[in-house]
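Engineer: generate a structure from the sequence data that follows.
(2 chains)
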Amino acid sequence: MNWHRIHALALRHLYPLKRDFDLLSDMAYWPLVDTILWGVTSQWIADTSGVAGVATGILLGLVLWNVLWRSQSEVSRNLLDEILNNNIANLFSTALTIKEWVVSVLLLSLLKTMITMSILLPAVYLLYKVNVLQLGSWLAVFFVGATFTGWWIGFISAGIVLRYGLRMQTVVWTLPGIMLPFSAVFFPLDRLPTFLQPISRLVPTTYIFETMRAIVAGASVDYSMLAYSFGLNALFLSLAVWYFVRSFVYSKKLGLGRFSR
Amino acid sequence: MQPILQTTRLRKVYPPEKKGGKEFVAVDGISFELEPGQILGLLGPNGAGKSTTISMLLGVLTPTSGEITYFGKNFEAHRSEILDQVGFASTYISMPWRLTVWENLRIYALMFGVEYKEFARRAEKFLTKFGVWDQRNKMMNQLSAGQTTRIMLAKAFIPRPKVALLDEPTASLDPDIAHEVRRFVRDQREQYGTSILYTSHNMDEVADLCDSVLFLKKGQIIAKDTPENLAGSISKAKVRLLVTDGLKRIERFAREQSLPANVVDREVVLEIDEQKVAEFLMQLADEDIHYSQISIDKPTLEDYFLSMSI
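Structural biologist: Residues are numbered from 1 along each chain as shown, chains lettered A, B, ... in the order given. As a prediction, the model looks like this:
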């Protein structure tokens, strides 16, 4: 593992932040728009339903969903960016290893998620008086769970793009999108149609969001559910990294230069 | 002396694109060596396997079989250690568009572990030499093709590599800049002993720059020699005459002697064995053919290229 190459890759993705509105909007603008939209909606639902904690649950769900989204985005979109910039053969014709690339995108994802959180958390508090930090040390547990899920989704999307090329780039957006309804982000698992619930039970984040709602409602935490969630995350992350590396090896058999033709 | 780079029976076969299709042999068991400080030209028509070979030498394409060694070490087993000594520039590859020239060069220098102070010194020197110093704060997507090519060259040489693989580095450059680039490449070899593998479609450039040339065709090496010897292996010289009297006679004479001839207005170009040019000129005098101008072009590397590319 060579840290100057990881540093170089970090610079490669941090330099454009100074001036690129696309990247800034991903990190700040859209999360803020979501916050305003869901904040108002959740407050309206809370007022009309009279159920305590609904607004807080939805907003905390939104914050954690952003953690997942940013984590996956940094993995899959960084790879896509190299391909679209005709830079991937250039990068891997240096001494850079796939392990160093993976470490650099994971570090970048943590950094950029933190930046998004540093904008979202005060916004949620100032606009809706919801203090995310009230979750205490649970916040760290949920953060890790959502981040791991984001990473494995990102590695699967990136692996698909490496294997099948740019015609499959839509998975970078659609794969995390399809996880949203199955993750019980904004509603309890039992509100999902019965035939879809088995799928939801295979998604690690379902248990994160269920636990988060239980804490907000003052109910007891089911630790076995959380353990199951982390077990699933560990399994899926291992499989996703394995698939990504296999796709990279496969892609080199066809040539990384083929993306530039 | 141990070669800097050596390939042994290097082969690349692409799988069929469709089920039931045929596999494609892009490189077919080539073996060659790049000696220390040598500039080796890789020539061949489109589809000959030049870019495939370079991709394999850079590790961005996995060979089907064969072996690559750099500095006597197996490339597969010592990939990172080796690529830390290899610079690469290509007209067909780019760098991130949303970064400035300076940022891109900084990132690639850092990839090779070049400290900022040293990077800044070398980058200023190279960009100034290539006439693109004033472009350093521009985004890559604001540059012309020629400017991008020069930035790619700077990228390749800033880390001061032991080996440079240059894939058509002067394509899209104006002649004066291309000349400057050739001089620069030669300087790098002289100053740092850099060994260079060089592909180009410009035969004059290859003849001028390369110590030795590999000629690839359909994935195989069909010739390996100095540019002079390759050109010399073509025995035909081109005799160009501006005929003032006897145009019909010279056409008939060429037909009778089975000499390839091209006639445009009064200009006649004939391909004749170099050895037989003097005899041919005497025969023209015997036939009472008069001409006002004559030029005899010796065979060049381009003639060799054209003859072998068919």
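Engineer: contacts, neighbours, all on C-alpha from now
Structural biologist: Will do.
Engineer: so what's the nearest residue to residue A:182 once chain neighbours are set aside up against?
Structural biologist: Leaving aside its chain neighbours, residue A:182 sits nearest to residue A:200 (4.7 Å; criterion: C-alpha to C-alpha, 6 or more residues apart in numbering or on different chains). Residue A:200 makes contacts with A:182-184, A:189, A:206, as judged by C-alpha atoms under 8 Å, 6 or more residues apart in numbering or on different chains.
Engineer: if we use 10 Å, what do you get?
Structural biologist: Contact analysis of residue A:200 by C-alpha atoms under 10 Å, 6 or more residues apart in numbering or on different chains lists A:179-184, A:189, A:192, A:206-207.
Engineer: for these, which one is nearest residue B:262?
Structural biologist: residue A:179 (71.4 Å; C-alpha to C-alpha).
Engineer: chain B versus that closest one, what's the distance?
Structural biologist: With distances taken as C-alpha to the nearest C-alpha, to the nearest Å, residue A:179 is found 31 Å from chain B.
Engineer: again, but for residue A:13
Structural biologist: For residue A:13, the distance to chain B - C-alpha to the nearest C-alpha - is 9 Å.
Engineer: quickly find the element holding the nearest residue to residue A:27 once chain neighbours are set aside.
Structural biologist: Counting by C-alpha to C-alpha, 6+ apart, residue A:27 lies nearest to residue A:116, which is 5.4 Å off, once chain neighbours are set aside. Per DSSP states H and E: residue A:116 is located in helix A:98-128.
Engineer: same question for stretch A:221-237, mean pLDDT?
Structural biologist: Mean pLDDT, computed over stretch A:221-237, is 94.
Engineer: what's the answer for stretch B:21-38, then?
Structural biologist: Here the average pLDDT along stretch B:21-38 is 94.
Engineer: equivalent analysis for stretch A:35-47, please.
Structural biologist: According to the model, stretch A:35-47 has a mean pLDDT of 86.
Engineer: now do the buried residues in the helix holding residue A:116.
Structural biologist: Neighbour-count burial for helix A:98-128, counted by 16 or more other C-alpha atoms under 10 Å in any protein chain shown, picks out A:100-102, A:104-110, A:112-113, A:116-117, A:119-121, A:123-124, A:128.
Engineer: do the same with stretch A:187-204
Structural biologist: Across stretch A:187-204, burial judged by 16+ other C-alpha under 10 Å covers A:187, A:189, A:197, A:200-204.
Engineer: isn't residue A:23 up against residue A:78?
Structural biologist: No: using C-alpha atoms under 10 Å, residue A:23 is not in contact with residue A:78, being 11.2 Å away.
Engineer: how about the helices in the stretch 101-250 of chain B?
Structural biologist: B:101-111, B:116-129, B:145-157, B:175-192, B:203-209, B:227-232, B:247-257 (DSSP state H, counting those that start in this stretch).
Engineer: go through those and find the least confident stretch.
Structural biologist: Mean pLDDT per stretch puts helix B:227-232 lowest among these, at a mean of 75.
Engineer: which other residues reach that helix?
Structural biologist: Here helix B:227-232 makes contact (C-alpha under 10 Å, 6+ apart) with B:41, B:203-204, B:206-215, B:223-226, B:233, B:274, B:298-305.
Engineer: just the strands from chain B, written as ranges.
Structural biologist: Ranges of strands in chain B, per DSSP state E, are B:5-14, B:24-34, B:39-43, B:65-70, B:73-74, B:86-90, B:163-167, B:195-199, B:212-217, B:220-225, B:236-245, B:261-264, B:267-273, B:290-297.
Engineer: for the fifth one, packing partners?
Structural biologist: For strand B:73-74, the elements it packs on are strand B:5-14, helix B:79-83, judged by 3 or more C-alpha pairs under 10 Å, 6 or more residues apart in numbering or on different chains; DSSP states H and E.
Engineer: pull up the pairing partners for that strand, direction included.
Structural biologist: In the sheet, strand B:73-74 lines up against strand B:65-70 (antiparallel) (DSSP bridges).
Engineer: what's the answer for the last one, then?
Structural biologist: Within its sheet, and counting by DSSP bridges, strand B:290-297 is paired with strand B:236-245 (antiparallel).
Engineer: got the angle for the strand it pairs with vs helix B:247-257?
Structural biologist: 150 degrees (axes from the mean of the first three to the mean of the last three C-alpha atoms, to 10 degrees).
Engineer: tell me the contacts of the nearest residue to residue A:128 once chain neighbours are set aside?
Structural biologist: Once flanking residues are discounted, residue A:128 sits nearest to residue A:39: 6.8 Å by C-alpha to C-alpha, 6+ apart. Residue A:39 is in contact with A:33, A:45, A:55-56, A:58-59, A:62, A:124, A:127-128, A:130, counting by C-alpha under 10 Å, 6+ apart.
Engineer: ranking the residues you listed by neighbours, who comes first?
Structural biologist: With neighbours taken as other C-alpha atoms under 10 Å in any protein chain shown, the top of the contacts of residue A:39 is residue A:59, carrying 28 neighbours.
Engineer: how about the contacts made by it?
Structural biologist: Going by C-alpha under 10 Å, 6+ apart, the list of residues near residue A:59 reads A:34-36, A:38-43, A:53, A:65, A:124, A:128, A:130-132, A:185-186.
Engineer: quickly note the distance from the residue nearest to residue A:182 to residue A:218.
Structural biologist: 23 Å (C-alpha to C-alpha, to the nearest Å).
Engineer: then residue A:74?
Structural biologist: 34 Å.
Engineer: more neighbours: which of the two?
Structural biologist: For the pair residue A:74 and residue A:218, the greater number of neighbours falls to residue A:74 (26 against 10), based on other C-alpha under 10 Å.
Engineer: what about the more buried one, helix or strand, and which?
Structural biologist: Counting by DSSP H and E, residue A:74 is found in helix A:54-84.
Engineer: packing partners for the helix or strand just after that helix?
Structural biologist: Later in the chain than helix A:54-84, the nearest helix or strand by DSSP H and E is helix A:88-91. Under the contact criterion of 3+ C-alpha pairs under 10 Å, 6+ apart, the helices and strands touching helix A:88-91 comprise helix A:54-84, helix B:50-58, strand B:86-90, helix B:101-111.
Engineer: tell me the most buried of these?
Structural biologist: Sort the helices and strands packed on helix A:88-91 by mean neighbour count, taking mean count of other C-alpha atoms under 10 Å in any protein chain shown, and strand B:86-90 sits at the top with a mean of 25.
Engineer: what lines up beside it in the sheet?
Structural biologist: With DSSP bridges as the test, strand B:86-90 pairs up with strand B:163-167 (parallel).
Engineer: may I have the strand it pairs with exported as PDB, CA atoms only?
Structural biologist: Presented in PDB, the C-alpha positions along strand B:163-167 are these (Å, rounded to 0.1, in the frame of the first residue of the first chain):
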ATOM      1  CA  VAL B 163      11.500   3.500 -19.700                       C
ATOM      2  CA  ALA B 164       9.100   5.600 -21.700                       C
ATOM      3  CA  LEU B 165       6.400   4.100 -23.900                       C
ATOM      4  CA  LEU B 166       5.200   6.700 -26.400                       C
ATOM      5  CA  ASP B 167       2.200   5.900 -28.500                       C
END
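Engineer: quick one, that strand and strand B:5-14 angle?
Structural biologist: Computed by the same axes, to 10 degrees, the angle between strand B:163-167 and strand B:5-14 is 40 degrees.
Engineer: so what's the closest residue to chain B within the stretch 151-261 of chain A scoring on pLDDT?
Structural biologist: When scored by C-alpha to the nearest C-alpha, the stretch 151-261 of chain A has residue A:255 as its residue closest to chain B, at 4.3 Å. With respect to pLDDT, residue A:255 scores 93.
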